[in-house]
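Participant: Return a 3D structure for these sequence lines:
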Amino acid sequence: MKKYAFLFPGQGAQVPGMIKDICDAYPEARAVVDEVTKITGVDMPKLLWESDAATLSRSDNSQLAITTASLAVMAVLKTKGIEPSAAMGFSLGEFPALYAAGVLSFEDVIKVVRERGLIMQATCENIAKANEGHAPGMTAILGLPPEKVEELANGIKDAYAANLNSPVQTVVSGTADALTQIEAVAKEAGARRALRLAVAGPFHSPLMQEAADNFEKAIAGVTFNNPDKTLFSNVTGKQAENGEEIKKNAVLHLTNPVRWTSEEAVLNDLIKASGDEWELIEPGVGVVLTGLWGKSGYAENAECKAINSAESINTL
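Facilitator: The predicted structure is shown next:
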C-alpha cells in the first residue's frame, strides 16, 4: 500500500482567492472554512476570497488563511482515502502538521495559529516602530551551503541563519546593519546572490523574543499530545515524539532556525528504510516545498505533488 507524507507550506504562500475552486467543488473543504469562522469569529470566506495581497500578507491574516487552506485540502484528501503516515511543515506549516499527527485538536490548532499570527504581527509592528527607517528583516543567500552561511552569520552581531531551505539556499534574519554585512561577506565567499526579502520582521531569530515570550503564555493551557504519526521538527531537524517537548519547541520555533534540509534528509531516510512506496503531498496553497524537494536530490525516492486546486486533486 502506498504511504503518504504531508509537507505543509508556511507564511508567504498565501494568494488572493486561495482554495476557492476547491471549496466550490468539495463541501468538506467549505465546511472547514466555515468551522474556522465559527471558532475564531473571523469571516474566513471574506479573508480568503475578497482580501487583496497586502491584507493577506499580514501575519495575523496569512497564518490563519494558510492553515485553513491546508486543513481544507486535508479534509478532501481524507474522503479519497489519502491520509498521512508522516507530517512536517515549514515554519507556520508545522502547526497544521501538529494537527495531522494528532498533537493538537482541530479547534486547538486554529486557536493556537490565530494567537501566533496576532502576536507575531504585533511584535513586527513594535520592531518597525523602534527601528523606523532601518527595520530588521531577512536576506536570502543563494549559492552557498547552509553550514557556510551559518558560519558567516555567527561572525556578525545580530545576524542569524533562519531558514535552511536547501543545499544552496539559506535565509538570514538580522538587523538592517547585520544584513548589509552578511550580504557583503556572502558575496565575497562566493554566493551567487544575496536578496533582501520583503518580509515584516526578522523571523526565526532571537530578535523575535518578544513574540516567543507572549506565545508561551498564550499556549500555556493548551494540551500537546504525543504524535500518533511520524512527525518532524523544524527546531531539531529530527523526528518529534513527545508532546511536552513539541510544546516547548513551538515556542523556541519563533527564535530558532527552520532546519528544513535536515528534515528532508530524515524523511528520505525513513522512505528508503521502509521499503514502501511513498508519495509526498504539499496540501493547501503554493508550490515552494514541492520545489525544494525536487532540488533536494531525494525526488528519485518519492515524488512530491502540490495539491492546491480542484484540478490538482483530480490528478490523485
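
Participant: Relative to K20, how far out is S51?
Facilitator: 12 Å (C-beta to C-beta, to the nearest Å). From N, CA and C alone the C-beta is placed, and that goes for glycine too.

Participant: Could you tell me which ranges of this structure sit under the pLDDT cut-off?
Facilitator: By pLDDT under 70, the chain contains no weakly predicted segment.

Participant: which residue sits farthest out from the middle of it?
Facilitator: E188 (30.4 Å; C-alpha atoms, centre = their mean).

Participant: Could you report the separation of that residue from A161?
Facilitator: 17 Å.

Participant: what number of residues lie near the closest residue to M138 other than its chain neighbours?
Facilitator: If the residues on either side of it in the chain are set aside, M138 comes closest to L197, at 4.6 Å by C-beta to C-beta, 6 or more residues apart in numbering. Using other C-beta atoms under 10 Å, L197 has 15 neighbouring residues.

Participant: what residues are up against L197?
Facilitator: Shown in contact with L197 (C-beta atoms under 8 Å, 6 or more residues apart in numbering): G137, M138, T139, A140, V171.

Participant: which one among those gets closest to I82?
Facilitator: Checking these against I82 with C-beta to C-beta, the nearest one is V171 at 31.0 Å.

Participant: Give me the contacts around the helix or strand hosting L267.
Facilitator: Using DSSP states H and E, L267 falls within helix 260-274. With contact meaning C-beta under 8 Å, 6+ apart, helix 260-274 is reached by 3, 5, 86, 88, 90, 146, 163-167, 230, 232-234, 236-239, 278, 292-293, 296, 298, 301-302.

Participant: one more time with 7 Å, if that's ok
Facilitator: Helix 260-274 is contacted from outside by 5, 86, 88, 90, 146, 163-167, 230, 232, 237-239, 278, 292-293, 296, 298, 301-302, using C-beta atoms under 7 Å, 6 or more residues apart in numbering.

Participant: cool, stretch 123-140 as well?
Facilitator: Contact with stretch 123-140 is made by 59, 162, 169, 171-176, 179, 182-183, 194-197, 199-203, 207-208, 210-211, as judged by C-beta under 7 Å, 6+ apart.
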